[in-house]
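**Student:** When you get a sec, could you give me coordinates for this:
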Amino acid sequence: MKGENPVRAMRRKDREVTEPGKIREIIAACDCCRLGLCEDGRAYIVPLDYGFTERDGHYTFYFHSAKNGRKIDLIRKSGWASFEMDTGHQVVSDETACEYTARFRCVMGGGPAALLETAEEKRAGLTALMEHAAGPGPWTFGDAMVDAAAVIRLEAEELSCKELR
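**Tutor:** Purely as a prediction, here's the structure:
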């Protein structure tokens with residue numbers, strides 16, 4: 001899939017979002033990304049703050065972390081992660097329980113995940129995180145802070161987006 005548009009077609013076309021501006025809007029509106037990793041055939045899912053960049057419809061996500069721990073070990077081991085983020089939750093009631101539904105918007109996908117090595121790469125990832133959380137900078141990060149943090153980059157090779165209206 002590398003080099004192709006990573007938006008993946010969905011079964012329910014009536015819920016699928018394919019318009020690039022709408023996908024970016026939904027990604028920007030979310031405030032938490034759940035990173036999915038695999039350990040011994042079992043899912044390990046961790047909610048994280050995130051930042052992102054987009055170039056020609058291809059998304060790169062950034063996460064920060066302590067340098068040690070289960071998440072870091074699993075990323076080093078597999079080099080791949082899945083992700084999910086969602087926003088706009090609204091319960092829609094009806095007369096019977098089976099007719100209740102919910103509205104929401106979500107983005108899901110996966111791709112290679114790696115720990116950034118250089119201070120320059122880490123600063124770029126941390127800047128993306130801060131811009132998503134708090135808006136445009138300028139943001140500065142001291143050497144000690146950059147050295148102490150692990151910054152994870154996930155290149156989304158798979159991505160789908162849906163909206164239940």
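**Student:** From the structure, what's the count of residues near Lys77?
**Tutor:** Lys77 has 11 neighbours, counted by other C-beta atoms under 10 Å. Every residue, glycine included, has its C-beta placed from N, CA and C.
**Student:** Tell me the secondary structure of it, please.
**Tutor:** Taking DSSP: H, G, I helix; E, B strand; the rest coil as the rule, one finds Lys77 in the helix state.
**Student:** and it, how far is that from Pro20?
**Tutor:** 33 Å (C-beta to C-beta, to the nearest Å).
**Student:** can you count the residues close to the nearest residue to Tyr59 once chain neighbours are set aside?
**Tutor:** Distances taken as C-beta to C-beta, 6 or more residues apart in numbering place Ala156 nearest to Tyr59, at 4.3 Å, with adjacent residues excluded. When neighbours are counted by other C-beta under 10 Å, Ala156 registers 25.
**Student:** tell me the contacts of Ala156?
**Tutor:** Residues counted as contacts of Ala156 (C-beta atoms under 8 Å, 6 or more residues apart in numbering) are 6, 58-61, 83, 109-111.
**Student:** for it, phi and psi?
**Tutor:** phi -70, psi 100 (degrees, to the nearest 10).
**Student:** try the one 5 residues further on
**Tutor:** Backbone dihedrals for Cys161, given as degrees, to the nearest 10, come out at phi -140, psi 140.
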